[in-house]
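Asks: no sequence for this one, just the structure:
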């Protein structure tokens, strides 16, 4: 379940790496030294192997010019709760994501940046709810193996171009994504990664995820560098 978020600047970075602890979140940002123009907010998972997968995607995005900021949406105590209820508390996760977004807008290095959200599992639903209800304009959303269906009635209100990425062999989650896709009313695309299962652990699967995400953010947030639009396969 995605309870973490990576806030990234698209095309330029957000400055030197740092980590910040707050009431609910620890944050770490990393990016090129040039002045940032956009930022991307990405939900991730702490446990192995998800942690390694999320870090891999973040690193791939960084290498294309997207800096990253990672932080926890649940405290360690909440994370270890055997009832696991808060992992599906989409409203709570969305509010904390909005809090992190507000924090970014108050930082000198990131205040002027455009924003996008990247969510995995329940983090995808939180990203969609935050985009629909927040005051900060969200320029693009990417879901990786997410549960956008958990955003429920909010889906038609999302006014951000949304890309849903699902493993071809992750059939149950794919069906849920297809249901959510039908409810989205704004620019949207649903991409399956051939041969991939839920965690995208197959050779080349995460690279494909990173390529799709980078192309989507580059296309909808805007960047000066050429974007491999063919990776979008006809996306709007």
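Replies: Nice, thanks for sending it over. Here the structure is a predicted model, which is why all the values come from computation and not from measurement. Residues are numbered from 1 along each chain as shown.
Asks: now do the same contact list for residue 59.
Replies: Going by CB atoms under 8 Å, 6 or more residues apart in numbering, residue 59 touches no other residue. (Each C-beta comes from the backbone N, C-alpha and C, glycine too.)
Asks: am I right that it is in a strand?
Replies: No. Read with DSSP: H, G, I helix; E, B strand; the rest coil, residue 59 is helix and lies in no strand.
Asks: how near is residue 179 to residue 129?
Replies: Here residue 179 is placed at a distance of 16 Å from residue 129 (CB to CB, to the nearest Å).
Asks: which one's more surrounded, the two?
Replies: Set residue 179 next to residue 129 and count neighbours by other CB atoms under 10 Å: residue 129 wins out with 25 against 12.
Asks: now that one: phi and psi?
Replies: Phi and psi for residue 129, reported as degrees, to the nearest 10, are phi -70, psi -40.
Asks: next one: it from residue 190, what distance?
Replies: 19 Å.
Asks: now residue 110: how far from residue 94?
Replies: Separation of residue 110 from residue 94 (CB to CB): 20 Å.
Asks: what's the residue nearest to the spatial centre of the chain sitting at in phi/psi?
Replies: Taking CA atoms, centre = their mean, the centroid of the chain lies closest to residue 118, which sits 1.0 Å from it. When read as degrees, to the nearest 10, the backbone of residue 118 gives phi -130, psi 120.
Asks: any idea what it is bridged to?
Replies: Beta bridges link residue 118 to residue 42, residue 142, judged by DSSP bridges.
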